[in-house]
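> Got a predicted structure here, sequence first:
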Amino acid sequence: MGSESLMGSIQALRGTRDILPEEVRYWQWVEAIARQILDRAAYQEIRPPIFERTDLFARGIGEATDIVGKEMYTFNDRATPPRSVTLRPEGTAGVVRALIQNNLYASGGVQRLWYTGPMFRYENPQAGRQRQFHQLGVEVIGSADPRADAEVIAIATDILQTLGLKNLRFDLNSVGNLEDRHQYREALVNYLMPYQDELDKDSQERLTRNPMRILDSKDERTQKITQDAPSILDYLGSDSKRHFEQVQQLLSNLGICYQLNPRLVRGLDYYTHTAFEIISDDLGAQATVCGGGRYDGLVQELGGAPTPAVGWAIGLERLIILLQQIQETPRQGLDFYVVSRGEAAEAQSLKLAQQLRQAGFSVELDLSGSAFKKQFARASRSGAVACLILGEEEAQTQTVQLKWMASKEQSAIAIADLLEKADELRGQIESLK
């Protein structure tokens, strides 16, 4: 390592980024809305580890996928002998492993679970796609009912609409069961083989190991070739057709508009039957905001009993980009900003701020020791509903100046009275927010 590297400032790694306080407000707002909607639907939060044994993802996601083959952060740990460990590239496999290990399905009931947190893939970074990225996901495990598919889709739609997103498209497909896909795979390969040399390099590799992923290629020539490829909807068996028709009817009953997209296959091997994406026309190349579907074979593949399941994940970075385009920074919702000047007043201001916080108010205490004029300027920028002012005179008389920021009205009040009137003050503040 050169001396310049040692002496220079340390930067965040490519593909990672700092989420600074101003942007964090958007994240907190999204998480609060999602938690509220999921709580109302009886979903319970689960928090699996960020790293797992590598074979969990190799078996769960599929060794032929780009994620497992090219994108995972994998390393040997310090165990004896060393174990291969991977930072999670997605959330579903870890949730299913937790379900099996902790026997969560022992009661025989349906598990409605949700999670949020960082995921890791070694991808080419661009707007809306980082190597450390964040997802919010839900999983309904233990139901093969088409209503479960419709329910998770309705909840995703509810979250995005509550956040105020516009210009969204909803693509829907069925990838059938294993038998359907086996027949379709054969037909697709037969169609593509004459064009093998014209396909892009990644698609040529996928032709033998994961041909359905070719339908998801972004290469223009490959896309043109696949335009006339067979449709998987023509290869669905009677059970798969019935399930898909019921899902479509349920979505129509809910007033959820969708368009069929037979080319939609998703990037993970574990999907069966329903597959869907919610897409924004305002995001450019990385347009998918939410993606998911049914994965009836994954629990058994990872060592559990045969158990149907369906779920989705929202990419939070992409969601935040959209929200920043349509929403101002969510307000912090500060109740009081406390300014003080002088040794006794500053000591009293800390005590007062803490007493108000314990009474349930949000309070920012100015710690600068600056002149009142500069502290008042910061109070104005803080977005607080009211400002509390303590000088030497107030410290001696155990009073405080209460200034309402909107009206500029100001009056002196005893600190004891201020604390006794907490409920009355709370009502006034809520009416002004």
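Perfect, I can see it now. Bear in mind the structure is a predicted one, so any value in this text is a computation, not a measurement. Numbers count the residues shown, from 1 in each chain.

> looking at this structure, which helix or strand is least sure?
Lowest on mean pLDDT, DSSP states H and E among the helices and strands of the chain sits helix 3-7, with a mean of 48.

> what's the next helix-or-strand element following that one packed up against?
Downstream of helix 3-7, the first helix or strand assigned by DSSP states H and E is helix 21-40. Identification of packing neighbours for helix 21-40 by 3 or more CB pairs under 8 Å, 6 or more residues apart in numbering; DSSP states H and E yields strand 111-120, strand 132-141, helix 146-162, helix 316-326. (Glycine included, C-beta is placed from N, CA and C.)

> which residues of the stretch 151-300 of the chain fall in strands?
Using DSSP state E, counting those that start in this stretch, the strands assigned to the stretch 151-300 of the chain run over residues 168-174, 259-260, 272-280, 288-294.

> Need the winner for burial among the ones you listed.
strand 288-294 (a mean of 24; mean count of other CB atoms under 10 Å).

> Could you provide the helices and strands packed on helix 21-40 in CSV, with additional columns for mean neighbour count, distance to Gln348 and mean pLDDT?
Listed next are these as CSV, based on neighbours: other CB atoms under 10 Å; distance: least, CB to CB, whole Å; pLDDT from 0 to 100:
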stretch, mean neighbour count, distance to Gln348, mean pLDDT
strand 111-120, 20, 41, 97
strand 132-141, 23, 42, 97
helix 146-162, 21, 43, 97
helix 316-326, 19, 40, 92
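
> looking at those, which is closest to Ser217?
Evaluated over the helices and strands packed on helix 21-40, closeness to Ser217 peaks at helix 316-326, with 20.5 Å, by CB to CB.

> From start to finish, how long is stretch 326-344 in a straight line?
The straight-line separation of the ends of stretch 326-344 (CA to CA, to the nearest Å) is 46 Å.

> Pull out the buried residues from it.
Going by neighbour count (16 or more other CB atoms under 10 Å), the buried part of stretch 326-344 is Pro330, Leu334, Asp335, Phe336, Tyr337, Val338, Val339, Ser340, Arg341, Gly342.

> So the first one sits against Tyr26, correct?
This points to Pro330. Yes - counting by CB atoms under 8 Å, Pro330 sits close enough to Tyr26 to count as a contact (6.3 Å).

> before we move on, the earlier item: what would the helices and strands packed on helix 21-40 look like in CSV with distance to Ala229?
Formatted as CSV, the helices and strands packed on helix 21-40 follow (distance: least, CB to CB, whole Å):
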stretch, distance to Ala229
strand 111-120, 31
strand 132-141, 30
helix 146-162, 25
helix 316-326, 28
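
> residue contacts, Gly342?
Gly391, Glu392, Ala395 (CB atoms under 8 Å, 6 or more residues apart in numbering).

> Among these, which one has the most neighbours?
Ala395 (21 neighbours; other CB atoms under 10 Å).

> Distance of that one relative to Leu352?
Ala395 sits 10 Å away from Leu352, taking CB to CB, to the nearest Å as the criterion.

> for Glu205, same thing?
Counting by CB to CB, the gap from Glu205 to Leu352 is 67 Å.

> When these two are compared, which one has more neighbours?
For Glu205 and Leu352, the more surrounded residue by other CB under 10 Å is Leu352, and the numbers stand at 23 against 16.

> What strand or helix carries that one?
With DSSP H and E as the test, Leu352 turns up in helix 343-358.

> Now that helix: average pLDDT?
Mean pLDDT, helix 343-358: 97.

> For that helix, list every residue counted as buried.
Using 16+ other CB under 10 Å as the test for burial, helix 343-358 gives Ala345, Glu346, Gln348, Ser349, Leu352, Ala353, Leu356.

> Pull the number of nearby residues for the nearest residue to Asp282 once chain neighbours are set aside.
Using CB to CB, 6 or more residues apart in numbering and skipping residues adjacent in sequence, the residue nearest Asp282 is Asn167, 5.4 Å away. Neighbour count for Asn167, taken as other CB under 10 Å: 12.

> was I right about Asn167 contacting Leu283?
No - when contacts are counted by CB under 8 Å, Asn167 is not listed as touching Leu283 (9.4 Å).

> Break the protein down into its structural domains.
For the chain, automatic domain parsing gives the domain ranges 11-177+237-326, 336-432.

> Return the most buried member of these.
domain 11-177+237-326 (a mean of 18).

> ok, back up a step: now the two most distant members of the buried residues of stretch 326-344.
The widest separation within the buried residues of stretch 326-344 (CB to CB) is 35.4 Å, between Pro330 and Gly342.

> any chance of the buried residues of helix 343-358 in JSON lines, plus distance to Glu179?
Output for those, formatted as JSON lines (distance: CB to CB, whole Å):
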{"residue": "Ala345", "distance to Glu179": "78"}
{"residue": "Glu346", "distance to Glu179": "75"}
{"residue": "Gln348", "distance to Glu179": "76"}
{"residue": "Ser349", "distance to Glu179": "72"}
{"residue": "Leu352", "distance to Glu179": "71"}
{"residue": "Ala353", "distance to Glu179": "67"}
{"residue": "Leu356", "distance to Glu179": "66"}
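
> with these in mind, which one is nearest to Phe133?
For the buried residues of helix 343-358, the nearest to Phe133 is Ala353 (37.4 Å; CB to CB).

> mind checking how far the residue nearest to the closest one when sequence neighbours are not counted is from Thr288?
Spatial nearest neighbour of Ala353, excluding adjacent residues (CB to CB, 6+ apart): Leu365 at 4.3 Å. Leu365 is 44 Å from Thr288, where distance means CB to CB.

> can you tell me which helix or strand Val338 belongs to?
Counting by DSSP H and E, Val338 is found in strand 336-340.

> Ok, Arg59 next?
If you go by DSSP H and E, Arg59 is part of helix 54-61.

> Now tell me what touches that helix from outside.
Here helix 54-61 has contacts from 67-68, 72, 74, 84-86, 88-90, 92-94, 96-97, 268-270, 298, 301-302, using CB under 8 Å, 6+ apart.

> Among these, name the ones in helices.
Among the contacts of helix 54-61, DSSP state H puts Thr92, Ala93, Gly94, Val96, Arg97, Leu298, Glu301 in helices.

> out of those, which one sits closest to Gly360?
Gly94 (36.8 Å).

> so what pLDDT did the closest one get?
Listed pLDDT for Gly94 reads 96.

> Name the helix or strand for the closest residue to it other than its chain neighbours, please.
Spatial nearest neighbour of Gly94, excluding adjacent residues (CB to CB, 6+ apart): Pro48 at 3.7 Å. Following DSSP H and E, there is no helix or strand that holds Pro48.
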